[in-house]
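> Need a 3D model of the sequence below.
(one chain, ligands or ions: 1)
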Amino acid sequence: MAQDIFDKVNAILADINGANPQGKDEVEQFRIQYLGSKNILKPLFGEIRNVENERKREFGQLVNSVKQAAEKKFEELKAAAEEASESAEAGSFDLTAPGEPLETGSRHPISVIRNRIIETFSRIGFTVAEDREIEDDWHNFSALNTPEDHPARDMQDTYYLLHDTERLLRTHTSSVQIRTMENQKPPIRAIFPGRVYRNETISARAHCQFHQVEGLYIDKDVSFADLKQTVEYFAKEIFGHNTKIRLRPSFFPFTEPSAEIDISCFICGGDGCNVCKYTTWVEIGGCGMVDPQVLKNCGIDPDEYTGFAFGMGVERIAMLKYRVNDIRLFFENDVRFLKQFDSAW
Ligand code: DAH
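Numbers count the residues shown, from 1 in each chain. Below is the predicted model of the structure:
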């Protein structure tokens with residue numbers, strides 16, 4: 001008789017361990033059945049009187065362990081059911097919810113400046129020409145008066161193509177000046193925006209890729225005064241009408257005479273600051289009168305035509321204009337950075 005009762009309790013224990021109710025309702029049924037106020041275990045307590053005295057303790061322990069097993073199982077089932085309903089909720093779609101606004105992109109600050117430069121020059125009759133980034137030695141160096149053994153080649157650390165020392169990533173967009181002069185008869189009045197590459201250690205102030213805008217004006221009787229006027233017009237348009245320019249004698253193999261272009265520091269207005277390093281002048285590019293040999297190299301008669309050329313770095317101008325102190329930011333493309341410039345002009 002007593003063994004019967006033990007068997008019944010053991011059967012209930014097996015049922016509990018094997019139970020697999022699904023969903024909240026079935027789990028609740030499980031709770032009522034094994035843990036509710038009228039649970040299936042209760043009547044068994046009454047049967048204890050039928051158990052021999054020496055096995056009463058054993059029976060009590062067994063009933064208790066069944067109760068504990070039911071509690072443990074219930075906790076597990078409850079947690080699983082909650083998790084399942086949460087993930088079902090996450091997957092469900094509220095079709096009536098208002099849509100999330102689409103994020104619109106913003107123009108890259110380098111594009112903003114580049115477009116502004118193009119617009120400024122197009123107002124005084126300059127057209128835009130673009131060309132390849134992988135250049136040959138002739139267009140990047142030799143035609144620009146920079147033969148193989150010329151020390152000026154060291155000024156620009158060049159990336160050559162593997163297994164092809166004739167071809168390289170252009171180090172400046174002066175190569176497009178050459179291509180334009182080869183293909184077009186003067187008068188020529190054009191600017192050349194584009195990406196250029198130099199084998200430089202990347203730092204806050206230098207990068208191995210950057211953008212330039214170069215310009216070229218070839219016609220009869222073009223003089224250094226025309227160059228100066230053009231540069232001054234440009235500087236005032238970009239940096240403000242109080243801006244002054246200074247042309248500082250320099251050297252480039254493709255221009256003679258050559259000059260660096262400085263603008264008066266528009267940040268401190270002449271008081272001295274850390275942008276102009278307390279000199280009140282900031283360098284923005286180079287320029288000069290096109291060397292007669294360069295004209296000859298492109299089939300233009302230097303006795304008939306003269307011209308000027310200039311070149312400047314777009315990142316440099318953007319850094320000055322927007323007070324950005326690390327050139328790498330322009331290439332990392334963090335939208336939190338990029339978003340700040342779209343309407344900045
Ligand atoms: N190509 C020069 C550079 O990348 C910049 C430059 C200087 C361009 C003088 C010119 C120029 O056209 O006349 O450093």
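> tell me the average confidence for the helix or strand hosting Arg179?
Taking DSSP states H and E as the definition, one finds Arg179 inside helix 174-183. Helix 174-183 comes out with an average pLDDT of 98.
> Can I get the following helix or strand past it in CSV, CA atoms only?
The element immediately downstream of helix 174-183 (helix or strand, assigned by DSSP H and E) is strand 188-197. The C-alpha coordinates for strand 188-197 follow below in CSV (Å, rounded to 0.1, in the frame of the first residue of the first chain):
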residue,chain,number,x,y,z
ILE,A,188,43.7,79.0,-73.0
ARG,A,189,42.0,79.9,-69.8
ALA,A,190,41.2,76.9,-67.6
ILE,A,191,41.4,75.5,-64.1
PHE,A,192,42.2,71.9,-63.2
PRO,A,193,40.7,70.5,-60.0
GLY,A,194,41.6,67.0,-59.0
ARG,A,195,43.0,64.5,-56.6
VAL,A,196,46.8,64.1,-56.3
TYR,A,197,49.1,61.7,-54.4
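> So what touches strand 188-197?
The contact list for strand 188-197 (C-beta atoms under 8 Å, 6 or more residues apart in numbering) reads 114, 117-118, 121, 125-131, 133, 159, 169-174, 176-177, 180-181, 208-219, 307, 314. The C-beta positions use only the backbone N, C-alpha and C, and glycine is treated the same way.
> Please see if that strand touches the ligand.
No. Strand 188-197 lies out of reach of the ligand by C-beta under 6 Å from any ligand atom, never closer than 7.0 Å.
> so how far is that strand from its chain's centroid?
24 Å (C-alpha atoms, centre = their mean, to the nearest Å).
> Give me the mean pLDDT for the following helix or strand past that strand.
On the C-terminal side of strand 188-197, the closest following helix or strand by DSSP H and E is strand 209-219. When pLDDT is averaged along strand 209-219, the result is 98.
> what angle separates strand 209-219 from helix 174-183?
Counting by axes from the mean of the first three to the mean of the last three C-alpha atoms, to 10 degrees, strand 209-219 lies at 30 degrees to helix 174-183.
> what's the angle from the helix or strand that strand 209-219 is followed by to strand 188-197?
Scanning forward in sequence from strand 209-219 by DSSP H and E, the next helix or strand is helix 224-239. Relative orientation of helix 224-239 and strand 188-197, computed by the same axes, to 10 degrees: 60 degrees.
> residues near Ile261, how many?
Each residue near Ile261 was counted by other C-beta atoms under 10 Å, and the total is 24.
> can you list the domains in this structure?
2-91, 109-331 (automatic domain parsing).
> Need the winner for burial among those.
domain 109-331 (a mean of 18; mean count of other C-beta atoms under 10 Å).
> next one: that one to chain centre, how far?
Offset of domain 109-331 from its chain centre (C-alpha atoms, centre = their mean): 25 Å.
> One more: stretch 106-122?
18 Å.
> and it, average pLDDT?
Averaging pLDDT along stretch 106-122 yields 95.
> Run through the residues of the chain sitting next to the ligand.
Residues of the chain that fall close to the ligand, judged by C-beta under 6 Å from any ligand atom: His172, Ser174, Glu214, Phe252, Thr255, Gly286, Cys287, Gly288, Ala309, Phe310, Gly311.
> 8 Å - rerun?
Contact residues, the chain versus the ligand (C-beta under 8 Å from any ligand atom): 144, 155-156, 171-174, 177, 196, 212, 214-216, 252, 254-255, 258, 285-288, 290, 308-313.
> Looking at those residues, which are in strands?
Using DSSP state E, 196, 212, 214-216, 252, 255, 258, 285-288, 290, 308-313 are the members of the residues of the chain next to the ligand that sit in strands.
> Low-confidence stretches in this structure?
Of all residues in the chain, those with pLDDT under 70 make up the ranges 1-2, 151-152, 154-156, 343-345.
> Which helix in it has the most residues?
Longest helix in the chain, counting residues (DSSP state H): helix 53-91.
> residues in contact with the helix or strand that that one is followed by?
Using DSSP H and E, the next helix or strand after helix 53-91 towards the C-terminus is helix 109-122. For helix 109-122, the surrounding residues in contact (C-beta under 8 Å, 6+ apart) are 107, 128, 191, 193, 211, 213, 215, 233-234, 237-238, 314-315, 317-318, 321-322, 324, 330, 338, 340-342, 344-345.
> what packs against the helix holding Arg179?
helix 137-140, strand 188-197, strand 209-219, helix 292-297, strand 306-313 (3 or more C-beta pairs under 8 Å, 6 or more residues apart in numbering; DSSP states H and E).
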